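Chemist: need coordinates for the following:
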Amino acid sequence: MQIITSLLLSLIVLPSFQALPNAHGNIAAFVTQEVNEQINKTITLSEGSNVRVSSISGGVTIETLDGDKAEINIKIRASSREAMERRPLIVENTPNSLTIHTQEDREGRRSGGDRGWVHQNVRLRLPKSINLRISSIGGSVDVGQITGEIALSSIGGGVEVTQAGTATQMSSIGGGATISLLRIEQGGLRVSSIGGGVEIGLPATINAELEVRSVGGGIDTDLPINVVGQMRHGQLRGTIGTGGPQIIITSVGGSVRLRRM
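Modeler: Residues are numbered from 1 along each chain as shown. Alright, predicted model coming up:
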C-alpha cells in the first residue's frame, strides 16, 4: 500500500505524463515540463536608431509610433528549463540601437540528439524613425510605418511592411511579400527567392531601372514603364521615369505587382 501511495504522489507532482512505445516496442514513460517566460521592457531610442532582430523561431510583429519610446514584449516557450537556458534570448540596447537575437546552442550542435525546443514570439512598439534589419525568422513578419531603411532575409512565413523609407534587400522569404517604399536609394533594391507573390508600392515620381525574371506568375504594374526588348512570361526589363537605381526581382513563386502609391 505504501508503494502505491508513493507512486500516485509522484505522478501528481509531475506536470505531464505520457506513455509511448520505446525502440523495442515496450511501453516507456516520458515526462515533459514546458516552461514559459515573458520579457517586458521599455527603452528610449533616438532618431535614426538601428534595430536588428534575428534568429527568432516564431513571428515578429512591429507597430510604430511617434516619439522616442520603444516597448519590447517577447513570449518564450520551451520544452524544458534546460532547453531555454541552452538557447537564451539576448536583448541589448543603447540610446541609438536595439538588438534582439537568440544565442546559438553550440553545445547542442556538437553533441547532436534531441536537445528540446524553444519558441519565441516578438512584439515591438518602436519609433517610426528607425533603420530595421530582420533575418532568420521562423514565422511571419509584420511591420508598420517606418521612415528609415529596411532589409529582410531568411523569413519562414510571409512579410508585410506598411511603409518604409527605403529598402535594400528582400530575400529568401517563404510566403508572399508586400511592401511600400517612399524612395529607392542609389544602391537599389534586390528582391529574390520569394515563395509567394510580391507586391511593391512605389511613388509615381520614382526613377529607376527595372529587371524582373524567373517569375512563376504574371507581372502587373500601373507605373509608367518603357519596356526594353520583348516582354516574355515571367520576364520584364524596362525604365521607370528617367531611369536610375536598379530594382531587380528574381525567383518569385507567385506574381509580381508594382503599384503606384
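Chemist: what about the nearest residue to Thr239 once chain neighbours are set aside, distance to Gly234?
Modeler: Closest residue to Thr239 apart from its sequence neighbours, by C-beta to C-beta, 6 or more residues apart in numbering: Asn226 at 4.6 Å. All C-beta atoms are positioned from the backbone trio N, CA, C, and that covers glycine. As for Asn226, its distance to Gly234 is 20 Å (criterion: C-beta to C-beta, to the nearest Å).
Chemist: and for Glu185?
Modeler: Per C-beta to C-beta, Glu185 is found 27 Å from Gly234.
Chemist: can you check Val159 too?
Modeler: Distance from Val159 to Gly234, by C-beta to C-beta: 21 Å.
Chemist: show me which of the two is the more surrounded one.
Modeler: Legend: neighbour count by other C-beta atoms under 10 Å for Val159 and Gly234, higher for Val159 (25 against 16).
Chemist: ok, and for the strand or helix carrying the residue nearest to Thr239, which residues are buried?
Modeler: Element membership for Asn226 (DSSP states H and E) is strand 225-227. Going by neighbour count (16 or more other C-beta atoms under 10 Å), the buried part of strand 225-227 is Ile225.
Chemist: can you give the contact residues for that strand?
Modeler: The contact list for strand 225-227 (C-beta atoms under 8 Å, 6 or more residues apart in numbering) reads Leu210, Leu236, Arg237, Gly238, Thr239, Ile240.
Chemist: bridged to the fifth one, which residues?
Modeler: What it means is Thr239. On the basis of DSSP bridges, Thr239 is bridged to Glu209, Asn226.
Chemist: any idea how far it lies from Val212?
Modeler: 13 Å.
Chemist: cool, the last one as well?
Modeler: With the distance defined as C-beta to C-beta, Ile240 ends up 12 Å from Val212.
Chemist: who touches both of these two?
Modeler: Shared contacts of Ile240 and Val212 (C-beta under 8 Å, 6+ apart): none.
Chemist: could you check how far whichever strand or helix holds Ser180 is from the centre of its chain?
Modeler: For Ser180, the host element (DSSP H and E) is strand 177-181. Between the centre of strand 177-181 and the centre of its chain there are 14 Å (C-alpha atoms, centre = their mean, to the nearest Å).
Chemist: ok, it: who's next to it in the sheet?
Modeler: Here strand 177-181 is paired, per DSSP bridges, with strand 159-164 (parallel), strand 198-202 (parallel).
Chemist: looking at the longest one now, give me its mean pLDDT.
Modeler: Along strand 159-164, the predicted local confidence has a mean pLDDT of 98.
Chemist: please enumerate residues in contact with that strand?
Modeler: 132, 140-150, 152, 167, 170, 173, 175-182, 201.
Chemist: next: the shortest one.
Modeler: The contact list for strand 198-202, computed with C-beta under 8 Å, 6+ apart, reads 163, 170, 176-181, 184, 191, 208, 223, 240, 247, 249, 252, 254-261.
Chemist: CA atoms only for that strand, dumped as CSV, please.
Modeler: What follows is strand 198-202, C-alpha atoms only, in CSV (Å, rounded to 0.1, in the frame of the first residue of the first chain):
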residue,chain,number,x,y,z
VAL,A,198,5.5,40.1,-54.5
GLU,A,199,3.7,43.5,-54.3
ILE,A,200,5.8,46.7,-54.1
GLY,A,201,4.2,50.1,-53.7
LEU,A,202,6.3,53.0,-55.2
